[in-house]
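3D, please:
(chains A, B, C, D, E and F)
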Protein chains: 4
Amino acid sequence: MDGFQRRREQKKVSILEAALALFLKHGVQKISIAEIAKQAKVSQVTIYNYFDSKHNLVHEVFLYYLDLMKEQFFQILDSQMTFPEKIKQIIFTKKEVANNIHEDFYQYIMKEYSTDANYFEKLYEEVALPRLIDLFNQGKQQRFVDPNLSNEAIIFFIQAMNKYIQREEVYQRILPLTEDIMNLVFYGIMGKREEES
Amino acid sequence: MDGFQRRREQKKVSILEAALALFLKHGVQKISIAEIAKQAKVSQVTIYNYFDSKHNLVHEVFLYYLDLMKEQFFQILDSQMTFPEKIKQIIFTKKEVANNIHEDFYQYIMKEYSTDANYFEKLYEEVALPRLIDLFNQGKQQRFVDPNLSNEAIIFFIQAMNKYIQREEVYQRILPLTEDIMNLVFYGIMGKREEES
Amino acid sequence: MDGFQRRREQKKVSILEAALALFLKHGVQKISIAEIAKQAKVSQVTIYNYFDSKHNLVHEVFLYYLDLMKEQFFQILDSQMTFPEKIKQIIFTKKEVANNIHEDFYQYIMKEYSTDANYFEKLYEEVALPRLIDLFNQGKQQRFVDPNLSNEAIIFFIQAMNKYIQREEVYQRILPLTEDIMNLVFYGIMGKREEES
Amino acid sequence: MDGFQRRREQKKVSILEAALALFLKHGVQKISIAEIAKQAKVSQVTIYNYFDSKHNLVHEVFLYYLDLMKEQFFQILDSQMTFPEKIKQIIFTKKEVANNIHEDFYQYIMKEYSTDANYFEKLYEEVALPRLIDLFNQGKQQRFVDPNLSNEAIIFFIQAMNKYIQREEVYQRILPLTEDIMNLVFYGIMGKREEES
DNA sequence: AATGAATGAGGGTTCATTCAT
DNA sequence: GATGAATGAACCCTCATTCAT
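Residues are numbered from 1 along each chain as shown, chains lettered A, B, ... in the order given. Have a look, this model is predicted:
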């Protein structure tokens, strides 16, 4: 990739990032091309040099976001952390592949972009979920998790955590997700770690 | 309330219902006043006789929806069903107060209407949650639920179920929420009902 | 039709007329909705109360224009004028059905609106042409036209006249279509009227 | 002209040809500089190295087209064909100077470029018409054409043919311009060739 | 000379809202 | 009170043209 290509790629990414930030904060429909242009400090029309339409821009932002998530997800999984640390990292950093995606962004994609929706589901089903279940199985071997816990319960646990994080503001006031509380819930569901005898 | 007032009230409700139906199906931002007017079979201007602005209309639709939910929620709670039946009703009918509200409707309100958002949170915290915890405590007494299960775990269970229902299409394919599965998960987390001896 | 309807119809016609005048003078593509709005002395958006889109507006303008032409064409045909007078009227007033239509308007319709194009062709073929051939047959009976003149030659004569009128500015300078010249050509082709003996 | 100049000239011509092809097919207004650049396989800006503006480009394309037409017109006239063959060639190949030019291209020029329009008219009047009349006079001498046929009638005949060709699709359905029909009309108007005795 | 990138102006269209009856 | 008509502002997008390399 030569200098031209590289600079072009950089500008494209800077537009993607500007758009992503705004979409996550305000929702896709509320954000106009003009606002993205302003945030990315380019002219409105320049955006059309990189993306065919707003529709196409949203599509690429979505893929870009999934990539970011995926990368961070794998970094955590492949790290040297202990099982509980990994779980907490995944949940607290909101970085689990595609599942932690902001709810309204997710809803928008699901309604308006059937191709993206299918891609997302496949990714979740074929990439994220197996690796999460793997992780929990390691947790079982290391006796962090009750070996009898079903896969279904594991998935439920993850959903519940996600839900909490999404509605952070509401739930934080009602039942703050402090580390203590999380441990309580976590081990309540996972089963207390059996003392090694 | 005289005849005039009554007719006025009826027309207002018919507008609210038209708007609600469209908002739930397509989202608030996608629906224009013109579409609501058409659905409610009134002129656009008539809507402005009952509501100051679209903003105000959304606000009233939201309150109207909460009222509907509350009513149905209480109906279930006050019915003669057994504990597991009530739980299933609440979850499967998607009618739990304010929590099961359509996600994008919810997101819109949370972003755009701080007053409504506060009202919703208060309602959830002060009305729905206590009654749900009550319900589970009854479940504990009737030995449907493990008496040691913490309130926090209960809330988590509810969140997880909600999540499942919201993302119905995705999760149905990955892990279909059949009644069998639900029972499995349910008693996995709740603790199996101890047989009365 | 009540007062409301009538006023609505009038405004619609006034928009059609404004658009038609501009289209004929400058061509369809050059004229913006804003310019039509200004000419019709309405707001730009008002036009969208009457027409779904510019495409639809052009379509209706076209039909409106055909109607105008048809009406004037029939008026001439049904009048008490002599054969040569009718011919001259039709040609000089540019009012022959759909054939005298301004060339660029015609070209635009033919390229962009296949339905309209088909409708136009049918109208020309089924309404205008038969009546023109009728007219010439009357001319033959009245001995204004050589009885041996074929229908094909008649059609050619009409085409040539139209061509002249369309490119008026050019041809007027090269070979001005004065009445004298027209008579010359006319009888040159039609055959001189035989003196009644 | 040195190598640089020659290459420059070639590129200019390739742009002209790309533009001409697109203009004839889609009309001047519909074609953007971007489309011409793409068709000519150069960058947009390159076009501005050769032409000051789109306006100027259209102007030069027009002149280029006239030159092409003129050349082909003279080739036919100067060939060894018989009179009727020449006539048919001119008409059927649509290559008569400037008169057979695509109608919307012509209309555009006439409306937007008064200089070009004047140039075109002059060319038609001073170059094409005299040569056509010459041709017919040869036809008269060779007894292909009735010697009494006036110049005006000749011009009319040409116009009618042009008209037919322009509205090919319409007229082909109504009165197909087969060679038989053409001969019929032709000799109907021109007068049958008198058999040499 | 040639190009990728950038842009101001303008086009069609939608929408929440107001006017006039 | 109800409605058809009207509108200013904004949105997505296109285009001829210029900038910077």
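
for the closest residue to residue A:57 other than its chain neighbours, give its distance to chain B.
Among residues not flanking residue A:57 along the chain, residue A:51 sits closest, at 4.1 Å (Cβ to Cβ, 6 or more residues apart in numbering or on different chains). In short, each C-beta sits where N, CA and C put it, glycine included. Plainly put, residue A:51 is 21 Å away from chain B if you go by Cβ to the nearest Cβ, to the nearest Å.

stretch A:68-87 near chain B anywhere?
No. Using Cβ under 8 Å from any Cβ of the partner chain, stretch A:68-87 stays clear of chain B, with a minimum separation of 14.2 Å.

with stretch A:33-41 instead?
No. Stretch A:33-41 stays clear of chain B (Cβ under 8 Å from any Cβ), getting no nearer than 14.8 Å.

quick one: check that stretch for contact with DNA strand F.
Yes. Residues of stretch A:33-41 contacting DNA strand F under Cβ under 7 Å from any atom of the strand: A:33, A:34, A:35.

which is the next helix or strand following the helix or strand containing the second one?
What that stands for is residue A:34. In this assignment (DSSP states H and E), residue A:34 forms part of helix A:33-40. Using DSSP H and E, the helix or strand that follows helix A:33-40 towards the C-terminus is helix A:44-50.

on that earlier part again, looking at the residues of stretch A:33-41 next to DNA strand F, which is nearest chain D?
For the residues of stretch A:33-41 next to DNA strand F, the residue nearest chain D by Cβ to the nearest Cβ is residue A:33; the value is 19.4 Å.

state the distance from that closest one to residue A:15.
Residue A:33 sits 10 Å away from residue A:15, going by Cβ to Cβ, to the nearest Å.

repeat for residue A:107
Noted for residue A:107: a distance of 23 Å to residue A:15, by Cβ to Cβ.

same question for residue A:8.
11 Å.

which one's more surrounded, those two?
The residue with more neighbours, out of residue A:8 and residue A:15, is residue A:15; 24 against 14, by other Cβ atoms under 10 Å in any protein chain shown.

next, count neighbours for the residue nearest to the more buried one when sequence neighbours are not counted.
Leaving aside its sequence neighbours, residue A:15 sits nearest to residue A:40 (Cβ to Cβ, 6+ apart; 4.7 Å). Applying other Cβ under 10 Å, we find 21 residues neighbouring residue A:40.

quick check: residue A:40 touching residue A:22?
No. Using Cβ atoms under 8 Å, residue A:40 makes no contact with residue A:22, being 9.4 Å away.

who are the packing partners of the host helix or strand of residue A:20?
Using DSSP H and E, residue A:20 sits in helix A:3-26. Judged by 3 or more Cβ pairs under 8 Å, 6 or more residues apart in numbering or on different chains; DSSP states H and E, helix A:3-26 is in contact with helix A:33-40, helix A:44-50, helix A:54-77.

including mean pLDDT, could the ones you listed go into JSON lines?
Below are the helices and strands packed on helix A:3-26 laid out as JSON lines (pLDDT from 0 to 100):
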{"stretch": "helix A:33-40", "mean pLDDT": "92"}
{"stretch": "helix A:44-50", "mean pLDDT": "91"}
{"stretch": "helix A:54-77", "mean pLDDT": "90"}
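
now those in a markdown table, please, with extra columns for distance to residue C:64.
Output for those, formatted as a markdown table (distance: least, Cβ to Cβ, whole Å):
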| stretch | distance to residue C:64 |
| --- | --- |
| helix A:33-40 | 37 |
| helix A:44-50 | 37 |
| helix A:54-77 | 36 |
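
poorly predicted segments of chain A, please.
Where chain A drops to pLDDT under 70, the residues are A:1-5, A:91-103, A:152-153, A:156-157, A:159-197.

quick one, domains of it?
A:1-51, A:70-190 (automatic domain parsing).

what sits against the residue nearest to residue A:15?
Contact partners of residue A:40, counting by Cβ atoms under 8 Å, 6 or more residues apart in numbering or on different chains, are A:14, A:15, A:17, A:18, A:19, A:47.

switch to 10 Å and redo it
Residue A:40 sits next to A:11-12, A:14-19, A:21-22, A:46-47, A:50 when contact means Cβ atoms under 10 Å, 6 or more residues apart in numbering or on different chains.

now it: how far from residue A:46?
For residue A:40, the distance to residue A:46 - Cβ to Cβ - is 8 Å.

any shared contact partners between those two?
Taking Cβ under 10 Å, 6+ apart as the contact rule, residue A:40 and residue A:46 both touch A:11, A:15.

I'd guessed residue A:154 sits against residue A:137; true?
Yes. Assessed by Cβ atoms under 10 Å, residue A:154 is found in contact with residue A:137 at 9.2 Å.

re earlier: what sits in contact with each of residue A:8 and residue A:15?
What both residue A:8 and residue A:15 touch, as defined by Cβ under 10 Å, 6+ apart, is the set A:49, A:50.

go ahead and confirm residue A:55 touches residue A:113.
Yes. Residue A:55 is within contact range of residue A:113, at 8.0 Å (criterion: Cβ under 10 Å).

of these two, who's got more company?
residue A:113 (16 against 11).

for that one, which residues are in contact?
Per Cβ under 10 Å, 6+ apart, neighbours of residue A:113: A:55, A:58, A:59, A:62, A:119, A:120.

between helix A:54-77 and the helix or strand containing the last one, find me the angle.
Applying DSSP H and E as the criterion places residue A:120 in helix A:114-123. Here the directions of helix A:114-123 and helix A:54-77 differ by 10 degrees (axes from the mean of the first three to the mean of the last three Cα atoms, to 10 degrees).

just checking, next helix/strand downstream of helix A:114-123?
Counting by DSSP H and E, the next helix or strand C-terminal to helix A:114-123 is helix A:129-141.

buried ones in that following helix?
By neighbour count with 16 or more other Cβ atoms under 10 Å in any protein chain shown, helix A:129-141 contains the buried residues A:129, A:132, A:135, A:136, A:139, A:140.

now do the end-to-end distance for stretch A:110-126.
End-to-end span of stretch A:110-126 (Cα to Cα, to the nearest Å): 18 Å.
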